[in-house]
Structures are given as C-alpha cells and as structure tokens.
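**Q** Sequence plus the predicted model coming up.
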Amino acid sequence: MKIFKSKHKLQKEILHIKNISFVPTMGGLHKGHVSLIRKSQSFKGKTLVSIFVNPKQFNEKKDFLNYPRNLKKDLILLKHLNIDYIYIPTFKDIFSFKVKNKIYLDSFSKKLCGKTRKGHFKGVLNIVNRFLDLIKPKYIFLGVKDLQQSYLISKHILKRKINTRVINCKTIREKNGVACSTRNKNLNKHQFKIASKVIKYLKNKKRLIKKKLSNFDSINTKKDLINLGVTKIDYIELINSKTLRKPRNKRENFRIFIAFYLNKIRLIDNI
Ligand code: AMP
C-alpha cells in the first residue's frame, strides 16, 4: 500500500498504469465504502482510494468542521483491504493546478439536494474533475446512495468526453435498514432508532404505492415523519431514476428520494 500526499509523486507512480480503478471518499470509512472498494478490486488493474474532506461541497463551515474524520482507523482498514494506492491531498495540492476540463453541471443539479445546498454539486464536480484529470482512471466507483451525485458526475464525464467509466454500486445498509454513512457517527442511539423507523416507514410506503393502496401525499407523509421524530425534511419526492421525472403512473419504476434532519444532522437516502 503506497500513500501519496503529493499529486506529482502520485502521477509519477501511476503514469504508465492503464487500468486504474478509482474510489473517491471523504474518509470516515464504513461498510458502504468497503463494498465500493471490493467491487473495484474485482476489476483488472490497480485500485486507488482518495481521502479528502472537500470544503467546497459544504454549505456551512460548521458542518465541514463537524464532519467525522478518523484517518488512522481508515488507513488500518485500507491496509487490511490491500489497497494499491491511497491519495490524501492537502487543499493546496488538489486545488492549485489548472484543470483541462471545465465543469459541466447538468440541470438536474438544481433539483433535490441542489435546492437547499447551493453550490454543493459545483463543489463536488470541481474536486472530481480534478481527481479525474490527475489520475485518469479507467473506472470510477460511485454509490447510488448519492444517486444525484453519481448522475451528475456521469453527465460531466460524458459531456467532457472523459475516458472514464462510471460503475454504480448498490447501497449498503446497517441491520436496522439505515444506509451506512459517515454522518451516522454523529447520531446518538435514539436518533439512529428514528432513522431506522424512517426507512421502514418509507419502504412500507413504497410497497403500498406500488400495490396502489396508497397515493403519495407529500404533506401527510411529512407529518408522519415528523411524528416519528424527524426534525425537518428538506425534500421527499418520488422519482423515476431512469427518466428523473415524477412517475406518471403506478406501473413506472420509482424511488423515494429523501433528505431529512435529526437535530442538526442531515441524512439522505433513496429507497
Ligand atoms: P463519501 O465518503 O460519503 O463522499 O462517499 C464516497 C462514496 O461512497 C460515494 O460514491 C458514495 O455514494 C459511496 N457511499 C456512501 N455511502 C454508501 C453506502 N451506504 N453504500 C454504498 N456506497 C456508499
């Protein structure tokens, strides 16, 4: 396992490697990250994992500062997983060079998380564009837990004709149904239980809508979620994940997209 903090040293090392499978992360690694990494290792070539908490994608400084970090633990895990390369840039290292491609921000960036997190996706694409420029990976592994993010990265790659294939990876969940997330580390036991109730509620809601037993009424759904102990709901929307539109009939495949707060902690999921 080779660890790089400088892009020049990293680039020198990987210059002639054609098959790089890239897994970008913000650290605070959990089972979701591990599944992306394992998937990347099932592809031919080398695996490169980055750890960087990108300040540009946080709306509030406090949220950035409170984001759970544990580099020591992450490195032990990555060593155990036998990763080839790890890139842990400093802010200066990753933001102090001219990138070839301009960011392409698809209009879907204005929906869902884009409504309440101004500049968030621009910040995400800025860093991913830089990583792609430096690493030139054959594959990039992204989680569908952040489906909007993965979609926007795919659109950027397509539009800018970048020679990297996006591999979408399924959401890994805790036993109680809550999607693994670094932010879960900030939840107390009570909040974790509420998060579990929310997921169970949404799974049931989806089942009932599919069975045509229930229409989706966002106002009442929000009320139910508040009664379960949710502090605030940024959005809850039914979306066909292929067309990205609201499903027009019950036969269409859809997912329920949600962003909600438990006290100050914001969680997102799609079910
Ligand atoms: P993050 O460190 O939160 O920026 O996430 C890094 C990558 O892991 C992103 O592509 C996420 O979509 C993915 N990811 C996060 N949580 C999960 C999960 N529970 N299951 C699968 N992938 C995930």
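**A** Arrived safely.
**Q** And the strand or helix carrying Q149, what's buried?
**A** Element membership for Q149 (DSSP states H and E) is helix 147-159. Neighbour-count burial for helix 147-159, with 16 or more other Cβ atoms under 10 Å as criterion, is recorded at 147-157. (Each C-beta comes from the backbone N, C-alpha and C, glycine too.)
**Q** Please apply the same query to stretch 109-124.
**A** 109, 112-114, 117, 120-121, 123-124.
**Q** again with stretch 260-267
**A** 260, 262, 265-267.
**Q** Let me know the closest of the residues you listed to the ligand.
**A** L267 (10.8 Å; Cβ to the nearest ligand atom).
**Q** Can you name every helix or strand that the lengthiest helix in the chain contacts?
**A** Scanning the chain for the longest helix, with DSSP state H as the assignment, gives helix 189-210. If you count contacts as 3 or more Cβ pairs under 8 Å, 6 or more residues apart in numbering; DSSP states H and E, helix 189-210 packs onto helix 218-228, strand 255-262, strand 265-270.
**Q** Please work out the average pLDDT along that helix.
**A** For helix 189-210, mean pLDDT rounds to 97.
**Q** same deal with stretch 19-30?
**A** Averaged over stretch 19-30, pLDDT sits at 98.
**Q** how far out from the middle of the chain is it?
**A** With Cα atoms, centre = their mean, to the nearest Å as the basis, stretch 19-30 stands 11 Å off its chain's centre.
**Q** Same check on stretch 179-187?
**A** 12 Å.
**Q** what's the span of that stretch, first residue to last?
**A** 13 Å (Cα to Cα, to the nearest Å).
**Q** List the buried residues in that stretch.
**A** Result for stretch 179-187 [16+ other Cβ under 10 Å]: buried residues 179-184, 186-187.
**Q** So what touches that stretch?
**A** For stretch 179-187, the surrounding residues in contact (Cβ atoms under 8 Å, 6 or more residues apart in numbering) are 26-32, 66-68, 145, 171-174, 178, 192, 195, 199, 262, 265-267, 269.
**Q** what's the answer for stretch 137-147, then?
**A** 18-24, 32, 36-37, 39-40, 43, 45, 48, 128, 132, 149-150, 153, 157, 163-171, 179, 181, 241, 255, 257, 268-270.
**Q** domains for the protein, by residue range?
**A** 2-169, 182-270 (automatic domain parsing).
**Q** Tell me if the last one is near the ligand.
**A** Yes: contact between domain 182-270 and the ligand is present through T182 (criterion: Cβ under 6 Å from any ligand atom).
**Q** quick one: terminal-to-terminal distance for that domain?
**A** First residue to last in domain 182-270 (Cα to Cα) measures 16 Å.
**Q** coming back round to it: including distance to T231, could the buried residues of helix 147-159 go into TSV?
**A** Supplementary listing: the buried residues of helix 147-159 in TSV, determined by distance: Cβ to Cβ, whole Å:
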residue	distance to T231
L147	23
Q148	22
Q149	23
S150	27
Y151	27
L152	27
I153	30
S154	32
K155	32
H156	33
I157	36
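**Q** What residues does the stretch 51-200 of the chain have near the ligand?
**A** Counting by Cβ under 6 Å from any ligand atom, the stretch 51-200 of the chain comes close to the ligand at 142-143, 145-146, 169, 171-172, 179-182.
**Q** would you turn those into a markdown table with distance to R245 and secondary structure?
**A** Shown next, in a markdown table, are those (distance: Cβ to Cβ, whole Å; DSSP: H, G, I helix; E, B strand; the rest coil):
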| residue | distance to R245 | secondary structure |
| --- | --- | --- |
| L142 | 22 | strand |
| G143 | 23 | strand |
| K145 | 21 | helix |
| D146 | 20 | helix |
| C169 | 24 | strand |
| T171 | 22 | coil |
| I172 | 27 | coil |
| A179 | 24 | strand |
| C180 | 29 | coil |
| S181 | 27 | coil |
| T182 | 31 | helix |
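**Q** which residues does whichever residue of the stretch 101-250 of the chain sits closest to the ligand bridge with?
**A** Nearest residue of the stretch 101-250 of the chain to the ligand: G143, at 2.5 Å (Cβ to the nearest ligand atom). For G143, the beta-bridge partners are C169 (DSSP bridges).
**Q** Okay then, goodbye and thanks.
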